[in-house]
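J.: Sequence first, predicted model second:
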Amino acid sequence: MKNHLESSKTYRYFTHGDIEKANKLLFVLHGYGQLAEFFIRKFHFLEEDYFIVAPEGMHRFYLKGSSGRVGSSWMTKEDRDSDIKDNVQYLNSLYDVICSSKKFDQITLLGFSQGGATAARWFNSFQRNIDAHISWASIYPPDLDITPCEKNKNNYFAIGDKDEYFSEHKLKETILFYKNLNYITFTFHGKHNIDPLTLKEILNQININK
């Protein structure tokens, strides 16, 4: 018989920037096998008006064997419904901690790869105010309602044209899928990574539409 027990857990997150000087908040959710400490470095190039918060997935594991480098995951197929619920509660709590000490003019959520699914679920839970959503090289979660998003106009999808996790057919199919959801799509020349120039372009468009 399967059972569940709810208990407290200590979560880890990393930040970059000066919260006192920043007027924009950017949440960034890492991909499978990454750690927030290193993932957040991909966003250090942003201007000082951004305060960046990188939460870390609750499941850490050795990437190879039983020692060495460690990565983190947001969930697996096992007991995923409980993990989805826990992730949303975790992100809600983190949001409240960050926003309790500062009012931001703009709050943006970016989810990369596996973190994109967690970000999309959180964004679509409608439990916290988020002005813009960026899904980066991520498959839209199949458990979410696939009707065109009307929460706001600031919904974006970005992916590299040489992404090793997407075949040519899958790439075209995924871009079309997001377009049908009213997401503005960007394709850059590159692999499965964050492209700084594309991210800057998206953030500039978010600033214009705000």
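T.: Right, received. Where do you want to start?
J.: Next, count neighbours for Ser82.
T.: Ser82 has 12 neighbours, counted by other C-beta atoms under 10 Å. C-beta coordinates here come from the backbone N, C-alpha and C atoms, glycine included.
J.: How about it: what's its closest non-neighbour residue?
T.: Of all residues not flanking Ser82 in the chain, His4 sits nearest, at 6.3 Å (C-beta to C-beta, 6 or more residues apart in numbering).
J.: ok, residues contacting the longest helix that the chain contains?
T.: For the chain, the helix with the greatest residue count under DSSP state H is helix 80-99. Helix 80-99 has contacts (C-beta atoms under 8 Å, 6 or more residues apart in numbering) with 4, 9, 11, 13, 19, 25, 27, 51, 53, 55, 58-59, 74-76, 107, 118, 121-122, 125, 127-128, 143.
J.: One more: stretch 28-44?
T.: Residues contacting stretch 28-44 (C-beta under 8 Å, 6+ apart): 12-16, 26, 50, 52-57, 60, 63, 70-74, 109-116, 118-119, 137, 193-194, 196, 199.
J.: End to end on stretch 187-202, go ahead and measure it.
T.: 11 Å (C-alpha to C-alpha, to the nearest Å).
J.: hang on, the earlier thing: please pick the buried ones from the contacts of helix 80-99.
T.: 13, 25, 27, 51, 53, 55, 58, 74-75, 107, 118, 121-122, 125, 128 (16 or more other C-beta atoms under 10 Å).
J.: which one of these is nearest Phe188?
T.: Phe27 (21.4 Å; C-beta to C-beta).
J.: so who does that closest one touch?
T.: 53-55, 91, 95, 107-110, 119, 130.
J.: The residues you listed: which two are farthest apart?
T.: Ala54 and Ile130 (15.6 Å).
J.: More neighbours: which of the two?
T.: Ala54 (26 against 21).
J.: ok, residues contacting the helix or strand containing the more buried one?
T.: Secondary structure from DSSP states H and E places Ala54 in strand 50-55. Under the criterion C-beta under 8 Å, 6+ apart, residues 11-19, 22, 24-30, 36-37, 39-40, 43, 46, 90-91, 94, 98, 102, 104 lie in contact with strand 50-55.
J.: my guess is Met75 meets His59, correct?
T.: Yes - counting by C-beta atoms under 8 Å, Met75 touches His59, with 7.1 Å between them.
J.: quick one on the thing from earlier: in the helix or strand that the strand holding Ala54 is followed by, what's buried?
T.: Counting by DSSP H and E, the next helix or strand C-terminal to strand 50-55 is strand 59-62. By neighbour count on 16+ other C-beta under 10 Å, the buried set for strand 59-62 is empty.
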